[in-house]
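*Asks:* Provide a 3D model corresponding to the input given below.
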Amino acid sequence: DSGIAMHEGVVRHWVESLAIIICPICPHWSETLWKDLGKGGLAVRAPWPIVDEEDKPITKQAKFLRDALKNFRNSAGKAMKGWKEATILVADDYPQWKVDALLWMQSQYDASRVSFASTFMKDLKDWSATNVTDKKQIKLVMQFVSFMKREVEDVGEAGMDTKCPFDQSGILKESIEYIKSQLNLAEVTVVNIAETDLAVPDKVAQGVSPGKPTLWMR
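*Replies:* Residues are numbered from 1 along each chain as shown. Below is the predicted model of the structure:
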């Protein structure tokens, strides 16, 4: 779909590893595949594959693209008939009230225990009452921090980053042919919401945050 051929060496390494790993369960299938690959000897006698240490930044970028595409599909599916213009909006920074909330979260996080205190939500309520002047904003802060707390539980301290640690626009632009194919759209542009002169509706703009781009169709 991207128009880019798969890397032969990577694919072969994956298939060879699969043949070895599945051998205890499906030996006949593994040995046939091993022979088809032109390998000598038997798969059952081959050394077990060695796994390199995970490249966490690459894993995070792959998850970013995968999650973004899932959200784009949902947005494209809800688009009104006749809408043809599609723009992917990205943001490098949170608004200040979210930055303040994330910095408070960082101060409450116990890295040694990889968790927050059991009184976290009560402490959040007390902090919001003292530091958020707009009473209507308190509800938004509570909702945002509750969501980001689940993010931290999933990905660790990186979930509290106030800026996106990688080039979102670069990843999306590099994958644009794949994105267009998956969404069945002829043209899709990628813009930074802080740098565009497009009249983005407030409701759409509020949904854009670092690491979470939005597909805007019209």
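*Asks:* could you pull out the helices for this structure?
*Replies:* Under the criterion DSSP state H, helices of the chain are mapped to 8-21, 27-36, 56-78, 96-108, 120-131, 135-155, 168-174, 176-183, 202-205.
*Asks:* so the residue nearest the centre of the chain versus residue 210, what's the distance?
*Replies:* Computing the C-alpha centroid of the chain and ranking residues by C-alpha atoms, centre = their mean puts residue 64 first, at 2.2 Å. Here the distance between residue 64 and residue 210 works out to 10 Å (C-beta to C-beta, to the nearest Å). From N, CA and C alone the C-beta is placed, and that goes for glycine too.
*Asks:* where do the contact lists of those two overlap?
*Replies:* Applying C-beta atoms under 8 Å, 6 or more residues apart in numbering, one finds that residue 64 and residue 210 are jointly contacted by residue 168.
*Asks:* any stretches of the chain with poor pLDDT?
*Replies:* Low-confidence segments of the chain, defined by pLDDT under 70: none present.
*Asks:* give the residue farthest from the middle of it.
*Replies:* residue 41 (41.7 Å).
*Asks:* against residue 59, how distant is that one?
*Replies:* Distance of residue 41 to residue 59, given as C-beta to C-beta: 34 Å.
*Asks:* likewise residue 114?
*Replies:* In this structure, residue 114 lies at 18 Å from residue 59, with C-beta to C-beta as the measure.
*Asks:* and what of residue 100?
*Replies:* In this view, residue 100 and residue 59 are 29 Å apart by C-beta to C-beta.
*Asks:* so those two - more neighbours on which side?
*Replies:* Using other C-beta atoms under 10 Å as the criterion, residue 100 and residue 59 rank with residue 100 on top: 16 against 11.
*Asks:* how about that one: what's its closest non-neighbour residue?
*Replies:* Using C-beta to C-beta, 6 or more residues apart in numbering and skipping the chain neighbours, the partner closest in space to residue 100 is residue 131 (7.0 Å).
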